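K.L.:
below is the sequence, then the predicted model.
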Amino acid sequence: MVRVADVYRAIADPTRRQILDLLAGGAEMTLFEICTRLVASGTTSSRQAVSQHLAVLEESDLVRTTRVGRTKMHRMNTEPLREIAARWPLG
């Protein structure tokens, strides 16, 4: 079970929010694709740093990863954010 605090910690970092922005809307991307797009947007994170950011996002269940052969595909899971929104509905 994912704790709300883990979700907040995950989205507190601007690079992780950028990664979520890239994956929003159902896009699936490899680590290479994510790194390439981050560099194109001016982020200077190394491949290893992006991999560590993805690990934090996976731990908070905001990103889910599946293997396709030797490649890992990353996609956003919005359920933890929906749980937060349901807890404090805008009204």
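P.N.:
Noted; the coordinates are in hand.
K.L.:
ok, Thr66 to Thr30 distance?
P.N.:
Remark: distance between Thr66 and Thr30 (C-beta to C-beta, to the nearest Å) = 11 Å. Heads up, the C-betas are built off the backbone N, CA and C, glycines and all.
K.L.:
how about the backbone phi and psi for Ala12?
P.N.:
Per-residue torsions, Ala12: phi -70, psi -20 (degrees, to the nearest 10).
K.L.:
for Arg70, grab the count of nearby residues.
P.N.:
Counted with other C-beta atoms under 10 Å, residues neighbouring Arg70 total 5.
K.L.:
still on that earlier bit, the more surrounded of Thr66 and Thr30?
P.N.:
Each of Thr66 and Thr30 has its neighbours counted (other C-beta under 10 Å); Thr30 has more, 13 against 10.
K.L.:
which residue, other than its chain neighbours, is closest to the more buried one?
P.N.:
Counting by C-beta to C-beta, 6 or more residues apart in numbering, Thr30 lies nearest to Thr71, which is 5.6 Å off, once chain neighbours are set aside.
K.L.:
picking that back up, residues in contact with both of Thr66 and Thr30, list them for me.
P.N.:
Common neighbours of Thr66 and Thr30, using C-beta atoms under 8 Å, 6 or more residues apart in numbering, are Lys72, Met73.
K.L.:
which residues touch the host helix or strand of Leu54?
P.N.:
Assigned by DSSP states H and E, Leu54 belongs to helix 47-59. Helix 47-59 has contacts (C-beta under 8 Å, 6+ apart) with 6, 9-10, 13, 15-16, 19-20, 31, 34-35, 38, 45, 63-65, 74.
K.L.:
now that helix: buried residues?
P.N.:
Buried residues in helix 47-59, counted by 16 or more other C-beta atoms under 10 Å: Val50, His53, Leu54, Val56, Leu57.
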